[in-house]
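S.K.: dropping the sequence and predicted coords here.
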Protein chains: 4
Amino acid sequence: MSDDKQPLINRLKSVEGHVRGVQRMLEEDAYCIDVLRQTLAIRRALEKVDTLILERHLNTCVTDALRSADHSARDNAIAEILEIFAATRA
Amino acid sequence: MSDDKQPLINRLKSVEGHVRGVQRMLEEDAYCIDVLRQTLAIRRALEKVDTLILERHLNTCVTDALRSADHSARDNAIAEILEIFAATRA
Amino acid sequence: MSDDKQPLINRLKSVEGHVRGVQRMLEEDAYCIDVLRQTLAIRRALEKVDTLILERHLNTCVTDALRSADHSARDNAIAEILEIFAATRA
Amino acid sequence: MSDDKQPLINRLKSVEGHVRGVQRMLEEDAYCIDVLRQTLAIRRALEKVDTLILERHLNTCVTDALRSADHSARDNAIAEILEIFAATRA
């Protein structure tokens, strides 16, 4: 994860600003549906971050684990992906 | 939305801190799966905020719209709920 | 729900055929990813059915409940929508 | 996918019966919310099938691809997982 992490951090800084924006909307009594549209946009932005992290994870840690001779490392790598897959839907 | 908005704002402040925590995890090269677990927790927290906002919206704006004699206000209220419902899944 | 239910039943007949098609794919040892693409398409088709049912429900039962003088009918109608909203994401 | 496919097929047969049951509910003018509860249960059952197929896919095709010397096979295996991951949320 050490290189290329700056774009991810930048995306999260943008999410952080977006969350502050929603707080302001609530303080200013914005229309509920407009608030919900913004919180949905924040979730979409977080999903994009997740996809980028997962892509990197598959290309690095998972590839290493599945190429290794260590059965438990392989099983663990697969179990973690299934965990994230299930949690993503939940 | 004017009363009871403070608990929602507090939840969003907590989300904001959580997003900053994930930035720190990335800076410190945390394990990808641990990062994904945190971003999923943030999405769950945002979903809880959404449910609370929707509950309030149904109890106020939607109830008023559906009780009114104004057909277009009623149709609009229903169309907005369906929009949020569809976007929530998307 | 009595009128206009035939289009919903037709959509579900189509989903049923789609599910049988996936069984055949498994019997014929189709590629996993192709199978997953089909099961995702089935879920999308079910979501469309859900949206149509919810739309009808908002226009009929929920409108009646929110227009009634019966507080517990109103509370119940709103609680059921929130239940479906939460379960949809889960 | 050749062995162990019978449990998946059985799960899909059960989904098929469940979809027919929802058609009957519509024919008998069941309460909308009860219908939605059933279609949500069907989606949950399909998600379980998806998880089992993905697990098998990771243990077989993806493991083979990531262990191979073929860069494009590896890239393709990862791209397909990301596609399914993104579509699952969509």
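M.R.: Received the coordinates, thanks.
S.K.: got the contact list for A:Q23?
M.R.: Contact analysis of A:Q23 by CB atoms under 8 Å, 6 or more residues apart in numbering or on different chains lists B:9, B:12-13, B:16. Yep, even glycine has a C-beta here, placed from its N, CA and C like the rest.
S.K.: touching chain D at all, whichever helix in chain A runs longest?
M.R.: Looking across chain A with DSSP state H, the single longest helix is helix A:32-57. Yes: contact of helix A:32-57 with chain D (CB under 8 Å from any CB of the partner chain) involves A:47, A:51, A:54-55.
S.K.: compare those residues and tell me which has the most neighbours.
M.R.: A:L54 (24 neighbours; other CB atoms under 10 Å in any protein chain shown).
S.K.: how many neighbouring residues does A:T63 have?
M.R.: Other residues close to A:T63 by other CB under 10 Å number 19.
S.K.: quick check: pLDDT value at the residue lying closest to it once chain neighbours are set aside.
M.R.: Nearest residue to A:T63, sequence neighbours excluded (CB to CB, 6 or more residues apart in numbering or on different chains): D:L66, at 5.0 Å. D:L66 carries a pLDDT score of 93 in this model.
S.K.: which helix or which strand is home to D:L66?
M.R.: D:L66 is part of helix D:63-67 when elements are defined by DSSP states H and E.
S.K.: how far off centre is that helix?
M.R.: 22 Å (CA atoms, centre = their mean, to the nearest Å).
S.K.: show me the shaky parts of chain A.
M.R.: For chain A, the stretches with pLDDT under 70 are A:1-3, A:90.
S.K.: helix, strand or coil for A:D29?
M.R.: coil (DSSP: H, G, I helix; E, B strand; the rest coil).
S.K.: how many residues are close by the residue nearest to A:T63?
M.R.: D:L66: 22 neighbours (other CB under 10 Å).
S.K.: how about stretch A:22-33: buried residues?
M.R.: Residues A:22-23, A:25-26, A:32-33 are the ones in stretch A:22-33 that count as buried (16 or more other CB atoms under 10 Å in any protein chain shown).
S.K.: report the two of the residues you listed separated the most.
M.R.: Maximum pairwise distance in the buried residues of stretch A:22-33, criterion CB to CB, is 17.2 Å, between A:Q23 and A:I33.
S.K.: which residue is nearest the middle of chain A?
M.R.: A:D50 (2.5 Å; CA atoms, centre = their mean).
S.K.: pretty sure that residue contacts B:I33?
M.R.: No: in this structure, A:D50 is not within contact of B:I33 by CB atoms under 8 Å, at 11.2 Å.
S.K.: give me the number of residues near A:R44?
M.R.: A:R44: 12 neighbours (other CB under 10 Å).
S.K.: what sits against A:A65?
M.R.: A:73-74, A:76-77.
S.K.: tell me the contacts of the nearest residue to it once chain neighbours are set aside?
M.R.: Leaving out its chain neighbours, the residue that sits closest to A:A65 by CB to CB, 6+ apart is A:A77, at 3.6 Å. With contact set as CB under 8 Å, 6+ apart, A:A77 has these partners: A:61-62, A:65-66.
S.K.: let's have those in CSV, adding distance to A:I81.
M.R.: Below are the contacts of A:A77 laid out as CSV (distance: CB to CB, whole Å):
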residue, distance to A:I81
A:C61, 10
A:V62, 7
A:A65, 10
A:L66, 10
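S.K.: what is the nearest of these to D:L82?
M.R.: Taking CB to CB as the measure, D:L82 sits nearest to A:V62 out of the contacts of A:A77, at 11.7 Å.
S.K.: quick one: the nearest residue to the closest one once chain neighbours are set aside from D:R56, how far?
M.R.: The shortest distance from A:V62 to any non-neighbouring residue, by CB to CB, 6+ apart, is to A:A77 (4.9 Å). If you measure A:A77 against D:R56 using CB to CB, to the nearest Å, the figure is 15 Å.
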